[in-house]
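K.L.:
starting from these lines, generate the structure:
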Amino acid sequence: MPSGVSSHSELLKQASSSNEHRPEVFSKSLHAALTPLMAFRHFFRHAYAFQFEWDKMADHVGNFDKVVRSLRKELVDFLDGLEGGA
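P.N.:
Purely as a prediction, here's the structure:
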């Protein structure tokens, strides 16, 4: 289990890789889509203050629904695979 300042990044990386106990939880392409959202969240929570700048948020907001749909589908597929293999 990851810990420390990069624990979220490490957990995301682990989830997009298979290991001897489980297949990947989600794809490398979804990992690539989630990484900038996680970085933006970190930036927003720690440095953004109260000045919203649309140009810094636009890509994240525009892609959010697509990424969430992909995440939901891949998590359901992962869980279905676990149930099918049990």
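
K.L.:
so residue 11 makes contact with residue 3?
P.N.:
No. If you go by Cβ atoms under 8 Å, residue 11 and residue 3 don't touch, sitting 9.8 Å apart. Backbone N, C-alpha and C define where each C-beta goes, glycine included.

K.L.:
between these two, who's got more neighbours?
P.N.:
residue 11 (15 against 8; other Cβ atoms under 10 Å).

K.L.:
ok, that one to residue 70 distance?
P.N.:
Note on residue 11: its distance to residue 70, by Cβ to Cβ, to the nearest Å, is 18 Å.

K.L.:
enumerate every residue touching residue 57.
P.N.:
Contact partners of residue 57, counting by Cβ atoms under 8 Å, 6 or more residues apart in numbering, are residue 40.

K.L.:
start at 13 instead
P.N.:
Noted, 13 is the first residue going forward, which turns the last one into residue 69.

K.L.:
roughly how far out does the helix or strand hosting it sit from the chain middle?
P.N.:
Assigned by DSSP states H and E, residue 69 belongs to helix 66-97. Distance of helix 66-97 from the chain centroid (Cα atoms, centre = their mean, to the nearest Å) equals 8 Å.

K.L.:
what comes up buried for it?
P.N.:
Residues 82, 83, 86, 90 are the ones in helix 66-97 that count as buried (16 or more other Cβ atoms under 10 Å).

K.L.:
and residue 47, helix, strand or coil?
P.N.:
What DSSP: H, G, I helix; E, B strand; the rest coil gives for residue 47 is helix.

K.L.:
residues near it, how many?
P.N.:
Neighbour number of residue 47 under other Cβ under 10 Å is 14.

K.L.:
list of residues touching stretch 31-39?
P.N.:
So stretch 31-39 is contacted by 27, 28, 29, 30, 82, 83, 86, 87, 90, 93, 94 (Cβ under 8 Å, 6+ apart).

K.L.:
gap between residue 38 and residue 85?
P.N.:
Relative to residue 85, and taking Cβ to Cβ, residue 38 is found at 9 Å.
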